[in-house]
Structures are given as C-alpha cells and as structure tokens.
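Novice: structure for this input, please:
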Amino acid sequence: MRFVVITGLSGAGKTSAHFALEDLGYFSVDNLPPALWPSLLETLQKESIDKVAVVVDIRTRKFLGDLEPTLARLKPFLVFLEARPDVLLKRYNLSRRLHPLGTGNLLGEIEAEKNALAPLRNRADLVIDTSDKSARELKETLEKALGEEEGFVLRLLSFGFKWGPPQDADLVLDVRSLPNPYYDPQLKPLSGTEPAVAQYVFSRKEDEPFYRALMTTAGLAAEGARENGRAAYTVAIGCTGGRHRSVAVVERLAQDMSGRFRVGVEHRDVGKGE
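Specialist: Predicted coordinates:
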C-alpha cells in the first residue's frame with residue numbers, strides 16, 4: 001500500500017493537493033487524528049485499496065502528540081506545503097477565511113503555525129513552495145514526485161444520436177457524414193471494431209481531411225483541459241445508431257492519440273437494437 005501524508009501551512013494548497021491525489025486514485029481523508037491511521041490503513045487494505053492519502057495540519061493540533069510515533073511506525077511519504085507570508089496573507093484576504101489558530105493576528109498566526117509544524121517540515125520527503133504555483137502546477141509536481149504522471153485521461157465515447165447524446169460529454173462531435181455500413185448487408189450485423197467496417201467508413205480519400213480536423217479539435221480541447229488541471233476530459237463521437245461509424249472513429253482516434261494521452265474507450269450504444 002502506498003501511503004501519503006499531506007501537511008503544511010494553512011493557505012499553502014493542502015486542499016488542492018487533496019483533490020489532486022483523489023484524481024490520481026487515492027483514497028483521501030482530511031484531518032483524521034494520527035492515532036486512527038493504522039486502523040484506517042488496515043480497513044482499506046482488506047478492501048484491496050492500495051493508495052491512501054491523509055491531510056493533517058494545525059487544525060488537529062490537539063492530536064499532534066500522536067503524530068511522531070505514528071509517522072515512525074507507518075513510514076508514509078510525507079509532503080509539506082508552504083508559501084511566503086505575503087502570499088499566505090493575500091490568499092487569506094481573498095478567501096476571507098479565519099486562520100485555524102484564530103487569534104486575530106494573521107501574521108502572528110502564520111508564524112506560530114510555521115514554528116509548530118517545523119518538526120514535520122524537517123522530516124518531510126518533499127517540501128513544495130506553492131507561492132508561485134497554480135493548482136495545476138502543484139498537481140504536476142505531486143504527479144512527478146509520486147511517479148504518477150499519467151493522471152490525465154482522455155475518454156473517447158461513441159454513441160448514437162437516436163438514443164440521445166451523452167450528458168457527461170465535454171465535447172460532442174458528429175460523424176454522420178461518413179459512409180454508413182448500415183446499408184451494406186454484410187457489414188450491417190458487425191460493429192465498428194471490425195476491420196472490414198472501419199475500412200468501409202474510411203474508404204473515401206475526400207473524408208480524410210474531415211477526420212484529421214476532428215482529431216485536431218479533440219486533441220486541442222483535451223490539451224487545454226489538461227493544462228487547466230482537469231483529471232479527465234470526455235470527447236463523444238456520434239453517428240445515427242452508435243454501432244458503426246462512431247465506433248470506428250473512436251477506435252482510430254484511440255490508436256492515433258495514445259502517444260499524447262492516456263486514453264479510455266467506451267462504446268455506449270454498440271449493443272443496442274435497431
């Protein structure tokens with residue numbers, strides 16, 4: 001089991017790190033007292049959950065006495081997030097939230113928290129200064145440190161317009177202009193995963209620019225989503241019934257785009273009737 005602990009200064013980005021690890025498939029818990037961590041890991045291990053993250057900070061200061069022995073016992077990968085005082089001040093002023101120490105003197109609270117968490121910073125496996133980092137850049141830093149750069153997934157979904165467009169698609173593209181194998185008696189019973197169907201769909205040279213433009217559009221949209229910190233992006237490809245053309249196009253896109261993205265493929269309507 002991989003066990004990651006996220007800690008650091010309030011306002012330094014622990015919530016963003018928490019969400020980033022969830023996107024990477026971690027079972028993530030916020031501010032669980034350290035004495036309960038062994039029981040949590042034991043329970044999750046029984047359920048075959050192999051990636052766990054816990055966020056702990058000054059909010060659990062009453063339980064920090066249990067933290068050192070728990071860290072020594074469990075040996076997690078410890079990440080400490082920090083930022084310059086002026087940046088933390090700006091973030092708190094923008095959010096209008098109170099500091100967890102709640103004394104009313106924000107600069108004093110930041111300094112007191114820094115001193116209280118100094119032992120954690122000293123033993124951290126990774127210290128990240130988020131002063132000049134966006135949420136996306138923080139996520140990329142964590143991905144590289146944990147060896148999980150493949151966090152982003154491009155989901156390619158085929159569907160039939162007659163069954164309704166998918167509600168969860170980020171981008172919907174229509175390929176009903178391509179040749180339709182439905183009208184070929186030999187190809188009609190087959191699906192777009194069959195080579196003969198794909199060959200029929202892409203048989204006309206004049207359709208190649210259309211496919212290239214479609215692939216470019218899908219790629220640019222997915223790149224933009226990844227740059228903005230999205231964990232996944234769904235491109236839905238539709239034809240009339242969702243059995244032939246859209247399936248063939250999704251299969252080809254998956255092959256052509258696999259070098260740029262981690263691709264997931266789903267054929268929603270391929271098994272539906274006429």
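Novice: which ones are touching residue 91?
Specialist: Applying Cβ atoms under 8 Å, 6 or more residues apart in numbering to residue 91 gives the contacts 11, 83. Glycine gets a C-beta too; all of them are placed from N, C-alpha and C.
Novice: following whichever strand or helix holds it, which helix or strand shows up next?
Specialist: Using DSSP states H and E, residue 91 maps to helix 85-95. Per DSSP H and E, the first helix or strand lying C-terminal to helix 85-95 is helix 106-116.
Novice: let me know the average pLDDT across that following helix.
Specialist: The average pLDDT within helix 106-116 is 84.
Novice: again with stretch 160-176
Specialist: Mean per-residue pLDDT for stretch 160-176: 94.
Novice: can you give me the end-to-end span of that stretch?
Specialist: End-to-end distance of stretch 160-176: 10 Å, with Cα to Cα, to the nearest Å as the criterion.
Novice: that one: which residues count as buried?
Specialist: Buried positions in stretch 160-176, judged by neighbour count with 16 or more other Cβ atoms under 10 Å: 160, 161, 166, 169, 173, 174, 175.
Novice: what's the answer for stretch 92-108, then?
Specialist: Buried, per 16+ other Cβ under 10 Å, within stretch 92-108: 92, 99, 101, 106.
Novice: which helix or strand in this protein has the lowest average pLDDT?
Specialist: One helix or strand of the chain scores below all others by mean pLDDT, DSSP states H and E: helix 85-95, with a mean of 80.
Novice: shaky segments in this structure?
Specialist: By pLDDT under 70, the weakly predicted segments of the chain are 95-96, 103, 149-151, 273-274.
Novice: what strand or helix carries the most far-flung residue of the chain relative to its centre?
Specialist: Ranked by distance from the centre of the chain (Cα atoms, centre = their mean), the top residue is residue 185, with 43.2 Å. Under the criterion DSSP H and E, no helix or strand holds residue 185.
Novice: distance check, it against residue 245.
Specialist: Counting by Cβ to Cβ, to the nearest Å, the gap from residue 185 to residue 245 is 17 Å.
Novice: quick revisit: restricting to C-alpha, output the helix holding residue 91 in CSV.
Specialist: C-alpha atoms of helix 85-95 as CSV (Å, rounded to 0.1, in the frame of the first residue of the first chain):
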residue,chain,number,x,y,z
PRO,A,85,4.0,35.0,4.4
ASP,A,86,2.9,37.7,1.9
VAL,A,87,1.3,35.1,-0.3
LEU,A,88,-0.5,33.5,2.6
LEU,A,89,-1.8,36.9,3.7
LYS,A,90,-3.1,37.6,0.2
ARG,A,91,-4.8,34.2,0.0
TYR,A,92,-6.5,34.7,3.3
ASN,A,93,-7.6,38.2,2.4
LEU,A,94,-9.1,36.9,-0.9
SER,A,95,-10.9,34.0,0.8
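Novice: who's in contact with residue 22?
Specialist: 28, 53.
Novice: mind doing that once more with 6 Å?
Specialist: Shown in contact with residue 22 (Cβ atoms under 6 Å, 6 or more residues apart in numbering): residue 28.
Novice: doesn't it lie inside a helix?
Specialist: Yes - checked against DSSP: H, G, I helix; E, B strand; the rest coil, residue 22 lies within a helix.
Novice: just want the angle from the least confident helix or strand of the chain to helix 106-116.
Specialist: 120 degrees (axes from the mean of the first three to the mean of the last three Cα atoms, to 10 degrees).
Novice: chain center to helix 85-95, what's the gap?
Specialist: Chain-centre distance of helix 85-95: 27 Å, with Cα atoms, centre = their mean, to the nearest Å.
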